[in-house]
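Chemist: show me the folded form of this:
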Amino acid sequence: MRYIRKSDTRGKVNLGWLTSRHSFSFAHYYDPEHMGFSDLRVINEDVVLPSRGFETHGHRDMEIISYVLEGAVAHKDSMGNEFVVNAGEIQRMSAGTGVMHSEFNASTLHPTKFLQIWIQPQQEGIEPGYQQKTILQKGVMTPLVTPTGDEESLTINQDAAIYQLVLGDGQQQTLKTLDRFGYLHIVAGEAHIDGETFYAGDAIGLYQQDAIHLTAQKELTALWFDLRASNR
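Modeler: Numbers count the residues shown, from 1 in each chain. All right, here's what the predicted structure looks like:
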């Protein structure tokens with residue numbers, strides 16, 4: 001049995017200035033069948049209108065990753081960080097003992113689109129921290145976030161890693177979990193997996209001792225989450 005999450009079944013939010021698709025239960029969207037996957041707690045696909053955004057609000061004890069797809073996000077926080085995160089960049093904020101921050105579309109003309117990803121921390125009560133980088137793709141699978149900052153990736157307070165998978169049309173890749181869990185989220189393009197086509201926004205979760213063999217249909221970009229095995 002695998003965990004399948006198709007894009008059109010995700011939670012939907014439309015606040016006028018914000019449209020969002022929630023892969024897991026978040027805020028006013030609640031579905032007991034979709035509460036997270038291992039330590040992966042949130043994947044929100046947010047589209048924010050020009051000059052609009054999330055007013056200052058607080059977080060604690062959560063690893064928060066922003067993966068910008070289009071446009072740019074203007075970030076400001078109580079640690080003194082004030083940066084613009086552009087498309088192609090990735091940002092990680094460890095909320096730890098508590099942090100206040102805001103996120104706005106940096107453009108006055110065009111919408112911005114980004115994935116907001118939350119991963120539960122390994123250790124609570126740490127000092128808040130911030131990182132932001134442009135990480136160039138190196139081959140098929142490139143680490144974006146790892147516990148120890150491998151290959152110039154961002155670090156994270158959890159036994160978890162996020163990789164960016166990029167395949168050209170017709171290219172193939174096998175993903176294995178061994179004694180871990182794995183979660184594949186399609187960012188762009190299409191993937192043919194075990195007789196089924198997965199489109200942008202679709203995802204598949206794998207439990208221990210499983211593997212999938214995928215073939216890219218059109219150019220494919222996806223995120224592969226390497227996660228601890230845990231209770232389902």
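Chemist: check which helices and strands the strand ranked longest in the chain sits against.
Modeler: In the chain, assigned by DSSP state E, the strand with the most residues is strand 211-227. Under the contact definition 3 or more Cβ pairs under 8 Å, 6 or more residues apart in numbering; DSSP states H and E, strand 211-227 sits against strand 161-167, strand 172-176, strand 181-193. C-beta here means a position set from N, CA and C on the backbone, and glycine is covered the same way.
Chemist: adding mean pLDDT and mean neighbour count, write these out as CSV.
Modeler: Formatted as CSV, the helices and strands packed on strand 211-227 follow (pLDDT from 0 to 100; neighbours: other Cβ atoms under 10 Å):
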stretch, mean pLDDT, mean neighbour count
strand 161-167, 98, 21
strand 172-176, 97, 14
strand 181-193, 97, 21
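Chemist: adding distance to I204, write those out as a markdown table.
Modeler: Putting these into a markdown table (distance: least, Cβ to Cβ, whole Å) gives the following:
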| stretch | distance to I204 |
| --- | --- |
| strand 161-167 | 13 |
| strand 172-176 | 9 |
| strand 181-193 | 5 |
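Chemist: nearest to Y199, out of the ones you listed?
Modeler: Closest approach to Y199 among the helices and strands packed on strand 211-227 (Cβ to Cβ): strand 181-193, 5.5 Å.
Chemist: sheet partners, orientation included, of the longest strand of the chain?
Modeler: Its sheet considered, strand 211-227 pairs with strand 161-167 (antiparallel), strand 172-176 (antiparallel), strand 181-193 (antiparallel) by DSSP bridges.
Chemist: export that strand as PDB, just CAs?
Modeler: Coordinates of the C-alpha atoms in strand 211-227 are reproduced here as PDB (Å, rounded to 0.1, in the frame of the first residue of the first chain):
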ATOM      1  CA  ALA A 211      10.800   1.300  -4.800                       C
ATOM      2  CA  ILE A 212       9.300   3.100  -7.800                       C
ATOM      3  CA  HIS A 213      10.600   3.300 -11.300                       C
ATOM      4  CA  LEU A 214       9.500   6.500 -13.000                       C
ATOM      5  CA  THR A 215       9.800   7.800 -16.600                       C
ATOM      6  CA  ALA A 216       9.600  11.500 -17.300                       C
ATOM      7  CA  GLN A 217       6.900  12.600 -19.600                       C
ATOM      8  CA  LYS A 218       8.000  16.000 -20.800                       C
ATOM      9  CA  GLU A 219      10.700  17.600 -18.700                       C
ATOM     10  CA  LEU A 220      10.200  16.700 -15.100                       C
ATOM     11  CA  THR A 221      11.000  18.500 -11.900                       C
ATOM     12  CA  ALA A 222      10.100  16.900  -8.500                       C
ATOM     13  CA  LEU A 223      11.000  17.000  -4.900                       C
ATOM     14  CA  TRP A 224      12.100  13.800  -3.200                       C
ATOM     15  CA  PHE A 225      11.800  13.700   0.600                       C
ATOM     16  CA  ASP A 226      13.900  11.200   2.400                       C
ATOM     17  CA  LEU A 227      12.200  10.700   5.800                       C
END
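Chemist: may I see the buried residues of it?
Modeler: Within strand 211-227, the residues that count as buried by 16 or more other Cβ atoms under 10 Å are 212, 214-217, 220-227.
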